[in-house]
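Enquirer: Compute the structure for the input listed below.
(2 chains)
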Protein chains: 2
Amino acid sequence: MTSSSQEMLNKNYLFESEQALHDDVEGQVMQMFASGDRVNSLEKKIDEITERISQDFLSSIDSNTNIDLDFILENFSDSKIPVQPTNFESYLKYIDNNVVAHSIHTSSPRFIGHMTSALPSFVRPLAKLMTAMNQNAVKIETAKALSFCEREALAMLHRQIYNFSDSFYTQHIQNNLSTLGILVSGGTVANITALWCARNAALGPKDGFLGVEKEGLAAALDFYGYKGAVIIGSDLMHYSFDKAADLMGIGIHSLIRIPTDGNNRVNLQLLRQTVMDCCQQNLLIIAIIGVAGTTDSGGVDSLKEIAEIAQQANTHFHVDAAWGGPLIFSEQYRYKLAGIEKADSVTIDGHKQLYLPMGIGMVFFRDPYLASSIEKQASYTMRKGSFDLGKRALEGSRPAMALLLHAGLKLIGLKGYEFLINEGIRKTQYMAACISEMPEFELLAEPDTNLLIYRYIPEQFRSHAAKRQLTKIDNQVINKFNEYLQKTQRQIGNTFISRTVKKNVNYGNEIPVVAMRAVIANPLTTEEDINAVLKDQIQIAAKISI
Amino acid sequence: MTSSSQEMLNKNYLFESEQALHDDVEGQVMQMFASGDRVNSLEKKIDEITERISQDFLSSIDSNTNIDLDFILENFSDSKIPVQPTNFESYLKYIDNNVVAHSIHTSSPRFIGHMTSALPSFVRPLAKLMTAMNQNAVKIETAKALSFCEREALAMLHRQIYNFSDSFYTQHIQNNLSTLGILVSGGTVANITALWCARNAALGPKDGFLGVEKEGLAAALDFYGYKGAVIIGSDLMHYSFDKAADLMGIGIHSLIRIPTDGNNRVNLQLLRQTVMDCCQQNLLIIAIIGVAGTTDSGGVDSLKEIAEIAQQANTHFHVDAAWGGPLIFSEQYRYKLAGIEKADSVTIDGHKQLYLPMGIGMVFFRDPYLASSIEKQASYTMRKGSFDLGKRALEGSRPAMALLLHAGLKLIGLKGYEFLINEGIRKTQYMAACISEMPEFELLAEPDTNLLIYRYIPEQFRSHAAKRQLTKIDNQVINKFNEYLQKTQRQIGNTFISRTVKKNVNYGNEIPVVAMRAVIANPLTTEEDINAVLKDQIQIAAKISI
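Expert: Purely as a prediction, here's the structure:
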């Protein structure tokens, strides 16, 4: 700092006039960085404003504002960075009016259409603490205690999944050779990481061949005598597996999607047959995927049976439990995930049913040494033998989200999470019961967990629908109606339900069915809110003419 | 919510005794989620505590506590999630004493060894606001206005790099077919994304062949008649390129690392030769990488010349400017990045020299349609024609970090960033001058930007060092000395400098040189702090016996 900028620091730039700011960029910037009492007044003032904005936002009942996207677009059409620093007060006002006002009230009890929810209030101050600490979890030298805190949090969830012995955890929890789990930005990176490990382990170094990591996929398949490589799962697998297959060079056509039964679970017989076919064709099965909570309807594959199939084929078994993983907290519903403990790797998202902020994906490994297959080093960091968490990870620098994960597990606890999971399922069953009783709606499948798919049936189709006599054309009309209804409801913004397209529901494969998709994961959602959402749809539908 | 939990909500659970909490998990959990006045008292109390912890942490001058890792390890050896929710007060005390106390003071003016720094204070309240809003940037339905805010922020930086016409930005800034940039979790994902796009574009669909995305790498190389695929850059490329080459299936041996000259820039003649060799061998060059700010010493490749080489070879030119990108803000130093505007893709990290919190990586594209090569869709979201940002991205669900990026660009402004960049370089030159004048140290290279590598020379070697007469053995002893010095300094924790291993410095290739690595990016670091860090090293060194 030059002595002149030191002087500037002594001045008080707090929300001064634009002109004064323009004249003294250095002083203003230095004030932004200063710590201690002087800055407290600046940070405090901003904090007061953002706090008021936050609380207004959080207390909204409606899900959204009724505003045209075109109007928003126009507000964000300036590609020029301002030359001078912008005045704080005017910027915060701008953000409030243009960003916050037209953001989605993901915490609203009537926003029950996506996998976002209200969060426990402790995450907000902790997010600020995390930002203040600004640790970089990539290495010990920038995240000392936090690295071990992260390992502990991951071990806690590992234990909840696999329940190995005390001595197992004593040996591995803080052992720099072991990787019980990796904290990543989200489920997609978790799934990609799991498959990356599986591929590299299956095609590792051997007899002078240096492995797929060094020599590439084509050479590795050649060396091991495979004709190709595939990944197998259900047709309801998340699209992150498409990304993985593309990225890893096997191609999306080698991602084999097995049809699901009416219950949204992979057809086991077809799965067995496909695995046998692949073996006969001399294709490497990099992994078989089990889904624990499909994104589109919450269905859970028969994990136990898939585990057996994978074991027989001697292939990696990965469970994508990004959504459904936290069912392991519920004594009542844990049985639905039976077999997850046999998985070689498991994805769970903290920002879904662990009720933590966005940016917490995780992958867990049965074998604490599996992730060695992707280990990288660099001379300036990530040294061998160190505890640097970036050594075995897809990502490099990353935030201390572990702080929030650790806090969630400790502050909410097993019983707290059990309550949240059970409540979601209870309310989903309530909603399913309502829908079944209401002539306006058709329940498209009994909910497996806390996702629910249904649709609105316009009056003239109700008698045929009840008798399952809708024609293809009828269904097409109903599809258009539901799509329009969902879009209108979203646009008006009082309540929100998402939509998806289902193939295997009641009407066979020949016609896709547009479905309303409810996700009941918000602890603030009451039965009354569910009634209000359905009533909102009925009222909107009444105004739609076919 | 059941009516009983509604009742519980009316009670006041604020920091009650453990026993009371155990008896009523539901009530306590519901209180965590409640919004409005009632919760304010809980959130407020936590906020007060974390605020005190934050301010204590931020005001630390030392870089670290002098504590044994083994001691920390023991504190994080509990793999069991508590059954009951933990009391807030005791948990926060625990976090303060065990995590915060032994975390790294990345904001300390004397922590000048890594690419972390003090942050402007406005990011802390904004991080809390971001967490309160909990938008999921993957799609419009969970991040309405924010998606457009993100596009605007990315367009602003795109313009700063490429400086296309007004009409270009009017056309693309809010066009759902265009992707000027992608916000990702960090530079590693940015680099991987850029190469993924480059690979898919080079091996795209053609004449009935469906492209590498669908048919895989082996089939694509075969179809296009290539013998293999490579990525070419300098031997100082970040290790994320190893990850990319491994993950993408080309293998790390196909990541060709060209030696650098003494100035840490890729040897252009060798690069040209390698490119020619690859073409002759019928290898697809997926991309040529230029580094703008090497991680180990801040060197910037000759981007203009590399751009020409890439253009002649008709290959993708990617610039990894994760660290050095913000030099574009400096009128005085922008010339160092000349040629970056010719890059097909550019990586910049917001959490490095844009002084924003961890978790803001970005990749920018010259061609707004390039990222279409990685586009994916799903029936429940990411619909074609939508503004859903997750369509063309490696990641899926992700946080609203755009809010912080947008704020940084607006609140700091061009002139503010210019000041920060210039100051970093000015102070680095000051430190280089000090080191040159001090007999205890040897400057290992003139700094290109604001990274500095040097080493301590124990007294008995100083005369030989001055005459450049150190033997191989001498250097090995000095290496050991410097490694021990760096570790000891880190352990004591008053100040911090990182270390790396250099090959091409003064003493030729035959012996690697252990180097101290200073990163001068903290606006709070004064010349006095730099003096203190060097003095600390001299004092520690005096106590080390060889």
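
Enquirer: which helices and strands does the helix ranked longest in chain A pack with?
Expert: Taking DSSP state H as the criterion, chain A has its longest helix at helix A:402-437. Helix A:402-437 sits against helix A:123-133, helix A:144-162, strand A:441-443, strand A:451-456, helix A:527-542, helix B:25-33, helix B:88-95, with contacts defined as 3 or more Cβ pairs under 8 Å, 6 or more residues apart in numbering or on different chains; DSSP states H and E. To be clear about C-beta, it is placed using only N, CA and C from the backbone, and glycine gets the same treatment.

Enquirer: Low-confidence ranges, the stretch 101-250 of chain A, go.
Expert: Low-confidence segments of the stretch 101-250 of chain A, defined by pLDDT under 70: none present.

Enquirer: Show me where it has its strands.
Expert: A:181-184, A:228-234 (DSSP state E, counting those that start in this stretch).

Enquirer: With adjacent residues omitted, what lies nearest to A:Arg272?
Expert: Spatial nearest neighbour of A:Arg272, chain neighbours left out: A:Ile309 (5.8 Å); criterion: Cβ to Cβ, 6 or more residues apart in numbering or on different chains.

Enquirer: and that neighbour, what does it touch?
Expert: Contacts for A:Ile309 (Cβ atoms under 8 Å, 6 or more residues apart in numbering or on different chains) come out as A:Leu268, A:Leu271, A:Arg272, A:Val275, A:Ile288.

Enquirer: so which of those is the most crowded?
Expert: A:Ile288 (30 neighbours; other Cβ atoms under 10 Å in any protein chain shown).

Enquirer: Could you list every helix and strand in contact with the helix or strand containing that one?
Expert: Using DSSP states H and E, A:Ile288 sits in strand A:283-291. Packed against strand A:283-291 by the contact rule (3+ Cβ pairs under 8 Å, 6+ apart) you find helix A:187-202, strand A:228-234, helix A:268-280, helix A:303-312, strand A:316-320.

Enquirer: how far does that strand sit from the chain's center?
Expert: Strand A:283-291 has its C-alpha centroid displaced from the chain centroid by 21 Å (Cα atoms, centre = their mean, to the nearest Å).

Enquirer: pLDDT of that strand, averaged?
Expert: Mean pLDDT, strand A:283-291: 98.

Enquirer: and that strand with strand A:228-234, angle?
Expert: Strand A:283-291 and strand A:228-234 are oriented at 20 degrees to each other (axes from the mean of the first three to the mean of the last three Cα atoms, to 10 degrees).

Enquirer: who touches A:Leu356 in this structure?
Expert: A:Leu119, A:Val123, A:Gly350, A:Met401, A:Leu404, A:Leu405, A:Gly408 are the contacts of A:Leu356 under Cβ under 8 Å, 6+ apart.

Enquirer: rerun at 10 Å
Expert: Neighbour list for A:Leu356: A:119-120, A:123, A:126-127, A:349-350, A:401, A:404-405, A:407-409, A:412, B:131, B:134 [criterion: Cβ atoms under 10 Å, 6 or more residues apart in numbering or on different chains].

Enquirer: Just give me the closest of those residues to B:Val477.
Expert: For the contacts of A:Leu356, the residue nearest B:Val477 by Cβ to Cβ is A:Met401; the value is 42.8 Å.

Enquirer: ok, now which ones touch the closest one?
Expert: A:Met401 sits next to A:127, A:130, A:137, A:150, A:153, A:183-185, A:350-351, A:356-362, B:358-359, B:399 when contact means Cβ under 10 Å, 6+ apart.

Enquirer: now with 7 Å?
Expert: A:Leu183, A:Gly359, A:Ile360 (Cβ atoms under 7 Å, 6 or more residues apart in numbering or on different chains).

Enquirer: Count the residues that sit near A:Lys467.
Expert: 8.

Enquirer: any idea how chain A splits into domains?
Expert: Domain segmentation of chain A under automatic domain parsing yields A:3-103, A:135-399, A:414-542.

Enquirer: In chain A, where is pLDDT below threshold?
Expert: Applying pLDDT under 70 to chain A flags residues A:1-23, A:36-40, A:379-383, A:504-510.

Enquirer: coming back round to it: relative to B:Asp474, which of the domains of chain A is closest?
Expert: domain A:135-399 (20.9 Å).

Enquirer: what's the burial count for the spatially closest residue to A:Asp529 that is not a sequence neighbour?
Expert: The shortest distance from A:Asp529 to any non-neighbouring residue, by Cβ to Cβ, 6+ apart, is to A:Pro109 (4.3 Å). Using other Cβ under 10 Å, A:Pro109 has 24 neighbouring residues.

Enquirer: same thing with A:Arg52?
Expert: Residues lying near A:Arg52 (other Cβ under 10 Å) number 12.

Enquirer: contact partners of the helix or strand hosting it?
Expert: Taking DSSP H and E as the definition, one finds A:Arg52 inside helix A:37-58. Helix A:37-58 is contacted from outside by A:14-15, A:31, A:88, A:92, A:96, A:100, A:105, A:107, B:35, B:121-122, B:124-126, B:128-129, B:132-133, using Cβ under 7 Å, 6+ apart.

Enquirer: Quick one: buried ones out of those residues?
Expert: A:31, A:88, A:92, A:96, A:100, A:105, A:107, B:35, B:121-122, B:124-126, B:128-129, B:132-133 (16 or more other Cβ atoms under 10 Å in any protein chain shown).

Enquirer: Who are the contact partners of A:Thr428?
Expert: A:Thr428 touches A:Pro447, A:Asn450, A:Leu452, A:Ile520, counting by Cβ under 7 Å, 6+ apart.

Enquirer: Could you check how far A:Ile453 is from A:Ser240?
Expert: Shown here: A:Ile453 relative to A:Ser240, a distance of 21 Å by Cβ to Cβ, to the nearest Å.

Enquirer: start to end distance for stretch A:209-221?
Expert: Using Cα to Cα, to the nearest Å, the end-to-end distance of stretch A:209-221 comes out at 11 Å.

Enquirer: again, but for stretch A:369-377
Expert: Terminal-residue distance, stretch A:369-377 (Cα to Cα): 16 Å.

Enquirer: buried stuff in that stretch?
Expert: Here stretch A:369-377 shows A:Leu370, A:Ala371, A:Ser372, A:Ser373, A:Ile374, A:Lys376 as buried, counting by 16+ other Cβ under 10 Å.

Enquirer: now swap in stretch A:52-62 and tell me
Expert: Buried, per 16+ other Cβ under 10 Å, within stretch A:52-62: A:Ile53, A:Ser54, A:Gln55, A:Phe57, A:Leu58, A:Ser60.

Enquirer: ditto for stretch A:196-212
Expert: A:196-204, A:209-212.

Enquirer: what's the answer for stretch A:216-236, then?
Expert: For stretch A:216-236, the neighbour count (16+ other Cβ under 10 Å) marks A:216-221, A:223-224, A:226, A:228-234, A:236 as buried.

Enquirer: Also stretch A:34-54?
Expert: Buried residues in stretch A:34-54, counted by 16+ other Cβ under 10 Å: A:34-35, A:38-39, A:42-43, A:45-47, A:49-51, A:53-54.

Enquirer: nearest to A:Arg426, of the residues you listed?
Expert: Distance to A:Arg426 across the buried residues of stretch A:34-54 (Cβ to Cβ) is lowest for A:Ser54, with 29.6 Å.

Enquirer: roughly how far apart are that closest one and A:Ile95?
Expert: Separation of A:Ser54 from A:Ile95 (Cβ to Cβ) stands at 12 Å.
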